[in-house]
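Student: model this:
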Amino acid sequence: MQVFVLQLLRVMALLLPLSCQLVFAAGAPTEGSVRIKDLGRLQGWRDNALVGYGLVTGLAGTGDSPSNKATRQALSNLLSQFNQTIAADQLQSRNVAVVMVTAALPMLAREGDTLDVTVTSGGDARSLVGGSLLLTPLRAANGRTYAIAQGPLAVGGYRYDANGNVVQKNHPTVGAVPGGATVEVGMPRTAAPLPSVTFVLANPDYTTAARVAEAINRTMGEGMADARDASGIEIRVPEDEQWHAVPFLARIENIWVEPDRRAKVVINERTGTVVAGGDVRIQKVAVSHGDLRVSITSETSVSQPLVLGGSPAGARTALVTNSQVDVSEPAGAGFVAGGNTVADLVQALARLRVNTRDIISILRAVKAAGALQAELVVQ
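Tutor: The predicted structure is shown next:
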């Protein structure tokens with residue numbers, strides 16, 4: 001019996017490294033795979049918009065004009081809170097501007113957390129540079145105040161004008177206060193069991209949803225996940241973890257899966273940018289590309305009448321313009337045989353020294369010919 005136990009221990013010792021290697025290989029990411037947490041979010045996980053109306057002070061004469069009644073009324077209301085009764089029509093400051101303040105309240109925000117806020121001019125202020133935002137309550141769509149914002153503005157621009165000359169960079173009427181808002185009321189939390197959750201893909205796709213559900217079932221056990229549609233995967237939480245589902249969800253979001261992607265070519269005509277996956281398929285196609293150059297030059301000369309014995313009556317100097325049109329076309333237009341992917345076609349066009357905007361026109365023509373098997377997005 002002891003000999004048998006010793007032999008069994010030796011076999012287990014030999015198999016243990018192999019089993020560890022297999023487990024590591026199964027959990028290791030492959031080329032093109034990503035974690036489930038990078039593919040989407042849990043249903044209900046979203047930010048909440050906050051907005052407020054406040055005042056920015058300390059501006060160097062670049063605030064709202066005295067004709068802005070909203071600014072004068074807001075400043076009068078503010079001063080009344082400090083026992084200063086001043087009529088709105090008696091305030092003539094150019095160092096104050098009314099602003100709109102916006103922020104995003106995260107799903108799991110707690111009291112005391114700080115938020116970044118964006119401040120935009122609501123009047124006719126020329127610049128918010130050097131200003132400071134006064135205490136501003138931020139409300140949600142239900143009218144309840146969730147945060148309070150205050151602090152100096154960071155403006156990524158400037159505007160200076162004198163004697164009709166204006167020098168401006170970016171948008172000086174928009175600023176930000178990093179960490180300028182403090183959460184006063186956290187998001188409500190309910191103490192209840194969590195029988196199931198729904199994972200929502202950022203890019204809905206039936207193949208990706210099926211792969212995510214398959215990866216969860218393979219790792220956590222059969223029947224744990226079910227792809228309901230192209231964007232939602234319902235995940236069942238075990239009964240013993242429904243009250244404390246954080247460790248279970250942490251294991252779920254760290255599962256590696258290889259998502260599928262749709263063939264898509266993105267074209268930005270304003271910047272001349274073409275972005276396409278290297279494996280976007282394209283059928284056999286021939287592209288003939290040539291440049292036609294038209295040059296028009298004009299030369300103006302003076303015709304001065306000179307006659308022996310003096311100029312005749314009515315003779316005068318005239319301007320004569322001579323135009324010359326030159327049309328040239330390089331001999332032999334470029335001929336490209338389309339490859340298997342968009343990358344092959346673009347590479348072939350680049351070898352012919354075709355500029356980016358011509359490549360965009362060629363890709364649109366290839367799509368119109370039905371040879372580009374991808375979605376063409378023109379921005």
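Student: quick one, what contacts residue 274?
Tutor: Applying Cβ atoms under 8 Å, 6 or more residues apart in numbering, we find residue 274 in contact with 265-268, 346, 356, 359-360, 363. Glycine gets a C-beta too; all of them are placed from N, C-alpha and C.
Student: just the buried ones from the residues you listed?
Tutor: Using 16 or more other Cβ atoms under 10 Å as the burial test, the contacts of residue 274 include 265, 267, 346, 359-360, 363 as buried.
Student: need the helices for the stretch 251-379 of the chain, in chain order.
Tutor: All helices of the stretch 251-379 of the chain, identified by DSSP state H, counting those that start in this stretch, fall at 342-351, 356-368.
Student: just the mean pLDDT for the last one, thanks.
Tutor: Model confidence over helix 356-368 averages 80 on the pLDDT scale.
Student: tell me where the model's unsure across this protein.
Tutor: Scanning the chain for pLDDT under 70 picks out 1-28, 158, 160-166, 168, 190-191, 277-279, 285-300, 302-315, 319-340, 352.
Student: show me it divided up by domain.
Tutor: 48-183, 190-257, 262-290+333-379 (automatic domain parsing).
Student: which one of these lies nearest to residue 38?
Tutor: If you check each of the domains of the chain against residue 38 by Cβ to Cβ, domain 190-257 wins as the nearest, at 8.6 Å.
Student: contacts only, for residue 364.
Tutor: The contact partners of residue 364, by Cβ under 8 Å, 6+ apart, come to 267, 376, 378.
Student: beta partners for the second one?
Tutor: Going back to what we said before, that points to residue 376. residue 265 (DSSP bridges).
Student: just give the closest residue to residue 249, not the sequence neighbours.
Tutor: Counting by Cβ to Cβ, 6 or more residues apart in numbering, residue 249 lies nearest to residue 197, which is 7.1 Å off, once chain neighbours are set aside.
Student: assign a three-state SS to that neighbour, would you?
Tutor: The local conformation at residue 197, judged by DSSP: H, G, I helix; E, B strand; the rest coil, is strand.
Student: what about it, how many neighbours?
Tutor: Look at residue 197: counted by other Cβ atoms under 10 Å, it has 18 neighbours.
Student: end-to-end on stretch 263-271?
Tutor: Start-to-end span of stretch 263-271 (Cα to Cα, to the nearest Å) is 22 Å.
Student: and for stretch 262-272?
Tutor: End-to-end distance for stretch 262-272: 23 Å, by Cα to Cα.
Student: same question for stretch 62-77.
Tutor: This stretch, stretch 62-77, spans 21 Å end to end (Cα to Cα).
Student: buried residues, it. List them.
Tutor: Neighbour counts over stretch 62-77 (16+ other Cβ under 10 Å) mark 62-64, 68, 71-72, 74-76 as buried.
Student: what residues does that stretch touch?
Tutor: For stretch 62-77, the external contacting residues (Cβ under 8 Å, 6+ apart) are 53, 55-56, 86-89, 91-98, 122-129, 131, 159, 172.
Student: repeat the analysis, applying 6 Å as the threshold.
Tutor: Residues outside stretch 62-77 that contact it (Cβ atoms under 6 Å, 6 or more residues apart in numbering): 55, 86, 88, 91-92, 94-98, 123-127.
Student: ok, residue 272 to residue 360 distance?
Tutor: As judged by Cβ to Cβ, to the nearest Å, residue 272 and residue 360 stand 7 Å apart.
Student: ok, back up a step: wait, the residue nearest to residue 249 sits on residue 236?
Tutor: No. Using Cβ atoms under 6 Å as the test, residue 197 is too far from residue 236 to be in contact (8.7 Å).
Student: which one of the contacts of residue 364 sits closest to residue 240?
Tutor: Residue 240 lies nearest to residue 376 out of the contacts of residue 364, by Cβ to Cβ, at 50.9 Å.
Student: thought the closest one was touching residue 365?
Tutor: No. With contact defined as Cβ under 6 Å, residue 376 does not reach residue 365; the gap is 10.8 Å.
Student: between the two, who's got more neighbours?
Tutor: Ranked by neighbour count (other Cβ under 10 Å), residue 376 and residue 365 place residue 376 first, with 16 against 13.
Student: phi, psi of residue 48?
Tutor: Per-residue torsions, residue 48: phi -120, psi 130 (degrees, to the nearest 10).
Student: same question, residue 147
Tutor: The phi/psi pair for residue 147 (degrees, to the nearest 10) reads phi -150, psi 160.
Student: what sits against it?
Tutor: 50, 115, 138, 181, 183-184.
Student: any chance of those in TSV, with distance to residue 341 too?
Tutor: Listed next are those as TSV, based on distance: Cβ to Cβ, whole Å:
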residue	distance to residue 341
50	46
115	45
138	50
181	48
183	50
184	55
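Student: bridge partners for residue 55, pull those for me.
Tutor: According to DSSP bridges, the partner residues bridging residue 55 are residue 98.
Student: thought it was touching residue 134?
Tutor: Yes. Applying Cβ under 6 Å, one finds residue 55 in contact with residue 134, separated by 4.9 Å.
Student: what about those two, which has more around it?
Tutor: Using other Cβ under 10 Å as the criterion, residue 55 and residue 134 rank with residue 55 on top: 22 against 17.
Student: in the contacts of residue 274, find the pair that's most separated.
Tutor: The largest separation in these, counting by Cβ to Cβ, is between 268 and 346 at 14.8 Å.
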